[in-house]
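*Asks:* Prediction below, plus the sequence it came from.
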Amino acid sequence: MGVPIAAWPMSSDQPLNAFSLSSVLGVALLMKEWTPRDELLTSEIIKNVVRKLIDTSEGEAIRKKAAELAGELRVSMMEGGVTHTELGSLISFILR
(Lines give C-alpha, C1' and ligand atoms only; values in the text may rest on other atoms or scores of the structure.)
Protein backbone atom coordinates (compact mmCIF):
# COMPACT_ATOMS: atom_id res chain seq x y z
CA MET A 1 0.00 0.00 0.00
CA GLY A 2 3.04 2.26 -0.11
CA VAL A 3 3.51 2.71 3.63
CA PRO A 4 6.59 1.73 5.64
CA ILE A 5 6.42 -1.23 7.99
CA ALA A 6 7.41 -1.54 11.64
CA ALA A 7 8.16 -5.28 11.64
CA TRP A 8 7.92 -7.47 14.73
CA PRO A 9 8.56 -11.09 13.74
CA MET A 10 7.10 -13.61 16.18
CA SER A 11 6.96 -17.04 14.51
CA SER A 12 7.05 -19.22 11.40
CA ASP A 13 8.01 -17.31 8.26
CA GLN A 14 7.84 -13.87 9.89
CA PRO A 15 11.58 -13.59 10.70
CA LEU A 16 12.51 -14.19 7.07
CA ASN A 17 9.76 -11.86 5.84
CA ALA A 18 10.87 -9.13 8.26
CA PHE A 19 14.48 -9.53 7.13
CA SER A 20 13.43 -9.35 3.47
CA LEU A 21 11.29 -6.26 4.04
CA SER A 22 13.96 -4.42 6.02
CA SER A 23 17.30 -5.53 4.59
CA VAL A 24 16.46 -6.55 1.02
CA LEU A 25 13.55 -4.31 -0.02
CA GLY A 26 14.29 -1.45 2.40
CA VAL A 27 10.64 -0.75 3.24
CA ALA A 28 10.66 -1.68 6.95
CA LEU A 29 12.40 -1.26 10.27
CA LEU A 30 12.64 -4.12 12.72
CA MET A 31 11.14 -3.38 16.12
CA LYS A 32 12.79 -6.46 17.57
CA GLU A 33 15.27 -9.01 16.27
CA TRP A 34 14.06 -12.60 16.12
CA THR A 35 16.83 -14.24 18.17
CA PRO A 36 16.21 -12.77 21.65
CA ARG A 37 12.68 -14.23 21.76
CA ASP A 38 12.42 -14.07 25.54
CA GLU A 39 12.92 -10.30 25.71
CA LEU A 40 9.90 -8.04 25.88
CA LEU A 41 9.10 -5.46 23.27
CA THR A 42 8.60 -2.31 25.31
CA SER A 43 6.49 0.70 24.50
CA GLU A 44 9.72 2.73 24.44
CA ILE A 45 11.10 0.55 21.63
CA ILE A 46 7.87 0.87 19.66
CA LYS A 47 7.86 4.65 20.16
CA ASN A 48 11.48 4.91 18.96
CA VAL A 49 10.87 2.83 15.83
CA VAL A 50 7.71 4.76 14.91
CA ARG A 51 9.48 8.06 15.54
CA LYS A 52 12.40 6.89 13.39
CA LEU A 53 9.99 6.01 10.55
CA ILE A 54 8.22 9.37 10.83
CA ASP A 55 10.89 11.86 11.73
CA THR A 56 14.34 10.89 10.40
CA SER A 57 16.11 10.88 7.07
CA GLU A 58 16.31 7.08 7.30
CA GLY A 59 12.54 6.97 7.77
CA GLU A 60 12.06 9.33 4.85
CA ALA A 61 14.12 7.02 2.62
CA ILE A 62 12.07 4.01 3.78
CA ARG A 63 8.79 5.87 3.12
CA LYS A 64 10.00 6.86 -0.35
CA LYS A 65 11.08 3.29 -1.15
CA ALA A 66 7.71 1.94 0.08
CA ALA A 67 5.84 4.37 -2.18
CA GLU A 68 8.02 3.42 -5.16
CA LEU A 69 7.50 -0.28 -4.54
CA ALA A 70 3.73 0.24 -4.28
CA GLY A 71 3.75 1.89 -7.69
CA GLU A 72 5.74 -0.96 -9.20
CA LEU A 73 3.37 -3.52 -7.68
CA ARG A 74 0.31 -1.71 -9.02
CA VAL A 75 1.81 -1.71 -12.52
CA SER A 76 2.61 -5.44 -12.25
CA MET A 77 -1.05 -6.16 -11.39
CA MET A 78 -2.40 -4.30 -14.43
CA GLU A 79 -3.30 -6.24 -17.54
CA GLY A 80 -0.03 -7.16 -19.26
CA GLY A 81 1.96 -6.77 -16.03
CA VAL A 82 4.18 -9.56 -14.77
CA THR A 83 2.04 -10.49 -11.75
CA HIS A 84 -1.17 -10.32 -13.78
CA THR A 85 0.33 -12.54 -16.48
CA GLU A 86 1.72 -15.08 -14.01
CA LEU A 87 -1.55 -15.26 -12.10
CA GLY A 88 -3.37 -15.88 -15.38
CA SER A 89 -0.92 -18.68 -16.18
CA LEU A 90 -1.49 -20.27 -12.77
CA ILE A 91 -5.26 -20.12 -13.19
CA SER A 92 -5.02 -21.64 -16.68
CA PHE A 93 -2.81 -24.43 -15.36
CA ILE A 94 -5.23 -25.23 -12.53
CA LEU A 95 -8.27 -25.22 -14.83
CA ARG A 96 -6.85 -27.55 -17.48
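*Replies:* Structure's in. What do you need?
*Asks:* how near is the spatially most central residue of the chain to Leu40?
*Replies:* Nearest to the mean C-alpha position of the chain, by CA atoms, centre = their mean, lies Leu21 at 4.1 Å. To Leu40, Leu21 is 22 Å away according to CB to CB, to the nearest Å. No exception for glycine: its C-beta is placed from N, CA and C like everyone else's.
*Asks:* does Leu29 count as helix, strand or coil?
*Replies:* Following DSSP: H, G, I helix; E, B strand; the rest coil, we place Leu29 in the strand state.
*Asks:* out of everything not next to it in sequence, what's closest to Ala7?
*Replies:* Once flanking residues are discounted, Ala7 sits nearest to Ala18: 3.9 Å by CB to CB, 6 or more residues apart in numbering.
*Asks:* let me fix that: Lys52
*Replies:* Lys52 sits nearest to Gly59 (CB to CB, 6+ apart), 5.3 Å away.
*Asks:* what is the mean pLDDT for the longest helix seen in the chain?
*Replies:* Longest among the helix segments of the chain by residue count, using DSSP state H, is helix 57-77. For helix 57-77, mean pLDDT rounds to 96.
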